Each structure stands twice: as C-alpha cells, then as structure tokens.
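>>> Requesting a structural model of the entry that follows:
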Amino acid sequence: MYSMTTLSPRRSAILTFIRERIAEHGQPPSLAEISEAFGFASRSVARKHVVALTEAGFIEVNPHQARGIRLLNQPPRPELLEIPVLGRVAAGLPIGADAEVHSRLLLDPALFSRTPDYLLRVQGDSMIEDGILDGDLVAVRRDSEVRNGQIVVARLDGEVTIKRFERLADGVRLLPRNPAYAPILIGEDRDLAIEGVFCGLVRQG
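Presented below is the predicted three-dimensional model:
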C-alpha cells in the first residue's frame with residue numbers, strides 16, 4: 001500500500017479533491033469535473049491520474065458509472081447515511097425489486113424527517129408549490145401506511161408518481177401541487193400501490 005508521500009503533488013491534490021467532493025456533495029466528481037478543476041486539456045488526462053490512484057490502492061472505479069469513484073480504506077463516517085439513488089423502475093413491480101441503482105450518496109441524516117430507504121429523481125413540475133422541482137432527488141421511506149396530506153410515491157397503473165395523498169369516503173385522490181394539473185381520482189378500475197412516503201429532498205448543483 002502506498003502512502004500519501006509516494007504520490008506526486010498533483011495526484012495528492014486530485015485525491016484530496018475527490019475526498020472533499022464526497023464530503024461536501026455526497027458523491028465523487030466525474031472525470032469532466034476533475035479535468036475542469038485542474039485545468040486538464042481533456043478527460044483522458046484526468047483518467048490517467050485516476051488509474052494511477054486506483055493502482056496505488058487509494059480508490060476503486062466502477063467503469064459503468066459516470067461517478068464511479070469510491071475511496072478505499074476510507075469507510076463512510078458513521079454519522080452519514082449511504083442512500084441509493086434509483087433509476088429506471090419497471091412497471092408492475094415494487095420499487096427496489098427491479099430498480100437500477102445509479103449511484104449512492106453519503107448524506108447527513110439531519111436532512112430527513114425519517115431515515116429514507118432510497119432517493120428518486122423527480123420528473124416534471126406537478127409539485128412545485130411544495131418546493132419539489134424537476135430534477136430534485138426526493139428521499140423516500142418504504143411504507144404502505146399513509147395519512148391524509150402526506151406526500152407519497154405511488155405507482156398508478158404501472159407508472160410512478162409523486163403526489164399528496166387524500167383518502168375520501170369512496171376512494172382516494174392524488175393531489176398535485178401545481179394549479180396547472182388536476183387532481184387524480186382513483187376509482188376501483190385503477191391499480192394503485194403506495195411505494196413509500198416522502199421524508200426529505202436533495203437538490204444538487
């Protein structure tokens with residue numbers, strides 16, 4: 001195993017940059033971000049340094065992820081949560097049974113009202129009045145028991161959506177928080193499953 005003193009000043013600086021980005025943003029930098037930070041002419045220069053750090057045993061790299069760098073011999077601080085960011089979710093199956101884990105973020109538990117099981121990226125602007133914007137990551141705790149007024153992740157006819165939950169005497173409504181969208185009345189002919197309850201939000205960049 002190499003020590004920091006065996007690294008060139010440039011590679012020591014890159015390793016420090018990776019550590020700081022993980023600590024501050026919950027995820028490692030991409031090759032493009034390393035290139036920009038250090039003024040490299042191309043990502044291939046950054047890749048050579050990352051390969052050298054990998055061979056030296058400081059990091060490992062998942063080649064299938066844009067942000068696939070992980071520190072070695074640097075266990076996550078116990079006060080931080082490591083939460084998966086889920087990607088595509090196939091119709092008809094519970095979230096988690098089939099979802100692709102795009103990445104994992106290290107995040108302060110104080111960001112959340114309850115400990116989340118996963119993060120999902122928001123598509124669309126139907127919840128903007130609740131401060132949930134397109135591209136945000138919503139933190140979700142798996143729970144099928146929900147109360148009126150809670151924000152839920154629901155699977156409706158195979159499609160995943162984020163809305164406020166309202167139980168009526170004769171059914172359920174899913175309420176958007178944008179006047180441009182109409183409430184969704186759920187009749188007996190529709191397939192509704194509550195995947196989880198909103199417990200926080202992460203806005204990147």
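
>>> Could you use CA atoms for every contact and neighbour count after this?
Will do.

>>> Show me where the protein dips below the pLDDT cut-off.
Residues of the chain meeting the criterion pLDDT under 70: 1-6, 74-78, 88-94, 96-98, 205.

>>> what about the strands in it?
Using DSSP state E, the strands of the chain run over 59-61, 69-71, 81-86, 101-107, 118-121, 137-141, 151-156, 159-168, 171-175, 184-186, 192-202.

>>> Need those strands in CSV (columns: distance to Arg19).
What follows is the strands of the chain, written out as CSV (distance: least, CA to CA, whole Å):
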stretch, distance to Arg19
strand 59-61, 10
strand 69-71, 8
strand 81-86, 15
strand 101-107, 12
strand 118-121, 22
strand 137-141, 22
strand 151-156, 33
strand 159-168, 33
strand 171-175, 41
strand 184-186, 45
strand 192-202, 20
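
>>> which residues sit against the helix of greatest length in the chain?
Counting by DSSP state H, the longest helix found in the chain is helix 9-25. Under the criterion CA atoms under 8 Å, 6 or more residues apart in numbering, residues 4, 27-29, 34, 49, 53, 71, 106, 204 lie in contact with helix 9-25.

>>> burial count for Ala139?
27 (other CA atoms under 10 Å).

>>> and it, how far is that from Gly57?
Remark: distance between Ala139 and Gly57 (CA to CA, to the nearest Å) = 33 Å.

>>> same deal with Ser8?
15 Å.

>>> Which one's more surrounded, the two?
Neighbour count, other CA under 10 Å: between Ser8 and Gly57, Gly57 has more, with 15 against 10.

>>> My read is that the more buried one contacts Arg70, right?
No - when contacts are counted by CA atoms under 8 Å, Gly57 is not listed as touching Arg70 (10.9 Å).
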